[in-house]
Every structure is written in structure tokens, then in C-alpha cells.
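> build me a model from this:
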Amino acid sequence: MFENIIGNNKAKEILANITNPSHAYMFLGTEGIGKFLFAKEFAYKWLCTSSERPCGKCKACIQFKGNNNMEFFIIEPEDGSIKVGQIRNFINNVYEKPVESYKKIYIINDADEMTDSAQNALLKVLEEPPLYVMIILIGSNEQAFLNTIKSRCVKINFQELTVEELKQYFEKNQETINEKFLDIYQGSIGKAKKIAGQENIYLDLQESILDIKSIGKVEFVKKCTRDITKDNIKDILEYLNILMFKLGKNNLKYLEVISKINKAIKQCSFNCNVEMISDNLFLNMYDIICN
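As a prediction, the model looks like this:
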């Protein structure tokens, strides 16, 4: 199992050695490091009807590989969140017994995007799950889950990939990786792919911050915000945290900015105005560093 997935050998060992699976798991770790691939492979094993799982030959395995296994379900966010209506639809389905396999398996991807009402609805199933059901919650922000949800799941923690593992992945897939941006990738294949082709945005942003004392406040804010969009703001904010920490080793004022960045990251979770968030952040950054 998991031989085609790079990295996270400890998680591989834990999952491969499970002989009596729980009804609910929580796969936690940085976005883009392979948690969803692990969840699918784990589901593949436990949907198999053979004594040696996964056999790759039984009807359930063949259906799974053909993406048409009737006992396997994926729930994804809609418009930025997983809503209570989606979980209610899931609940309506969950009590119907499996037909082809011994189990029904549900992956809730980006489960940390569930609304509180959706989590409370899910809790009813987690408290009294049917014996044939397995639920895998995938998330990067453990704090977004209600404690009542976390306490009813087996947590599996996934680590960021090492530099060598990132290189290995891209070599295996015959893709190139810009080694100058390894800090930005944060051990995440997903981030590396999202940032590919946008490296100049990060270089320009870094240059503007390094030149902050030689340009006026208005020009600084314009330079730093011109390429920020709804799609890339979270990645840019995470990069800024890394950059501020590095620069803060020589100037403590940069470390003061980190709290402002973290506040902006939280605001992004509430679908706030991107322009307002980025303008306020860089205005605050200028005032802290230049005064």
C-alpha cells in the first residue's frame, strides 16, 4: 500500500498496520502534501472484499479503480465551505446498507471548511455510526474543528515533505521545480504547483519589502497589492510569514508584523474583501517597519 505516494513514511506505517479500522479518521497536515491520496488508498483497501486487501481483482476493487464504486463517496466544499445541507444529504445516504462491499466510505475533503452547523449535524453520525461506515475528514487547520468532532476521530498527522521528497516527486513526474522557492513551497506539492509560473509575484513582493524605507507609503502599498487576488492571497500571506521571520532575525520590527499577517489569514477564512485585507496589512507593515 501507498508505494506510489511520496513521503510521510510514518503515516504509511500506521495506516498499513491497521487491522480493525475505526469508524472515523481525521487526516491532518499542510495543504497539498498528499492527505487526499492517502485517504483514497486507505478507502481502496477497506472496500476490498478479499481477505488480502486490497486484492485489485474483486468487483469492489475493479469498480474503485474505474471510479464507479457505489460505496465510495467524496464530499467537497461548495462556494468555499461545506454546508449543513451537504451533511444532511450525506446523513440520508449513510444509513442505507452497502450493496457491493462490506463498508461504505466517505471522504470529506477540506473538512476544516465545514460550518459549525454542518459539524453539529455530522456529530450525530459520529456519536452512533452504523457498523459498516467509515468517515475520513481531511483538513489542514485542526483548530477549525469542534472539540466534539475531534474527540470522536482517530487523528493521523501528516508531515510536510522534505526538500528531497519534493525533488523526487517532480523528477518522477518529469516536471521542474524552482529550488530558489523551496521555502515558499513549505514542503507541499500542491503549493509548488499553484505557485509555478507566479514566482515573479513573490520576487517583486520581496523586493518591495526590502526597499520599504526608500519608497513612500502609498507606492509601497500599491506595489505589494497589485498582484494579490482571491486565489493567491492565502499563499502570499503564508510566504510573508516566512519572510518576516527571516528578516526578523536582524530587525525585530519585522517580527511585529507577523501578528498582523496572522490576523489577515483569519480574515480570509470569512470571505472578507481581499483588497481591504491586503491594503490594511501593508499599511500596517509600513507603519511598523518605518516608524
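> which residues in the stretch 1-150 of the chain form strands?
For the stretch 1-150 of the chain, the strands defined by DSSP state E, counting those that start in this stretch cover 24-28, 72-75, 104-108, 133-139.
> in the second one, which residues are buried?
Residues of strand 72-75 classed as buried under the neighbour-count rule (16 or more other C-beta atoms under 10 Å) are 72, 73, 75. For every residue, glycine as well, the C-beta is placed using N, CA and C.
> count the neighbours of residue 272 for me.
The number of residues packed near residue 272 is 13, by other C-beta atoms under 10 Å.
> for it, helix, strand, or coil?
coil (DSSP: H, G, I helix; E, B strand; the rest coil).
> out of the buried residues of strand 72-75, which one sits closest to residue 81?
Checking the buried residues of strand 72-75 against residue 81 with C-beta to C-beta, the nearest one is residue 75 at 11.6 Å.
> which residue, other than its chain neighbours, is closest to that closest one?
Leaving aside its sequence neighbours, residue 75 sits nearest to residue 108 (C-beta to C-beta, 6 or more residues apart in numbering; 4.7 Å).
> ranges for the helices of the stretch 151-291 of the chain?
163-172, 182-185, 189-195, 199-210, 217-225, 233-247, 252-268, 274-290 (DSSP state H, counting those that start in this stretch).
> looking at those, which one has the lowest mean pLDDT?
Mean pLDDT per stretch puts helix 182-185 lowest among the helices of the stretch 151-291 of the chain, at a mean of 76.
> please name every helix or strand in contact with that one.
helix 163-172, helix 189-195, helix 233-247 (3 or more C-beta pairs under 8 Å, 6 or more residues apart in numbering; DSSP states H and E).
> coming back round to it: I'd like the strands of the stretch 1-150 of the chain as a markdown table, with mean pLDDT appended.
Below are the strands of the stretch 1-150 of the chain laid out as a markdown table (pLDDT from 0 to 100):
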| stretch | mean pLDDT |
| --- | --- |
| strand 24-28 | 98 |
| strand 72-75 | 96 |
| strand 104-108 | 97 |
| strand 133-139 | 97 |
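> enumerate every residue touching residue 8.
29, 33, 34, 38, 158, 159, 161 (C-beta atoms under 8 Å, 6 or more residues apart in numbering).
> can you put those residues in TSV and add pLDDT?
TSV is the format used below for the contacts of residue 8 (pLDDT from 0 to 100):
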residue	pLDDT
29	93
33	92
34	93
38	97
158	96
159	94
161	92
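> between those residues, which has the most around it?
residue 33 leads the contacts of residue 8 on contacts (other C-beta under 10 Å) with 27 neighbours.
> tell me the contacts of that residue?
7, 8, 158, 159, 160, 161, 187, 188, 189, 190.
> do residue 162 as well
7, 187.
> just give the nearest non-adjacent residue to residue 37, would you?
residue 5 (5.2 Å).
> right, and the one you found touches residue 39 too?
No: assessed by C-beta atoms under 8 Å, residue 5 is found out of contact with residue 39, at 10.8 Å.
> show me the one of the helices of the stretch 151-291 of the chain that comes nearest residue 46.
Closest among the helices of the stretch 151-291 of the chain, using C-beta to C-beta: helix 189-195, at 25.1 Å.
> outside of the closest one itself, list whatever touches it.
For helix 189-195, using C-beta under 8 Å, 6+ apart, the contacting residues are 31-34, 161, 166, 169-170, 177, 181, 184-185, 202, 232, 235.
> can you tell me which of those lies nearest to residue 143?
Closest to residue 143, out of all of the contacts of helix 189-195 and judged by C-beta to C-beta, is residue 31, at 14.6 Å.
> number of residues surrounding that closest one?
Counted with other C-beta under 10 Å, residue 31 comes out at 21.
> now swap in residue 59 and tell me
Residue 59, neighbours per other C-beta under 10 Å, totals 12.
> what about the nearest residue to it once chain neighbours are set aside, distance to residue 62?
What sits nearest to residue 59 in space, not counting adjacent residues and going by C-beta to C-beta, 6+ apart, is residue 100, at 6.3 Å. Residue 100 sits at a distance of 10 Å from residue 62 (criterion: C-beta to C-beta, to the nearest Å).
> more neighbours, these two?
residue 100 (16 against 13).
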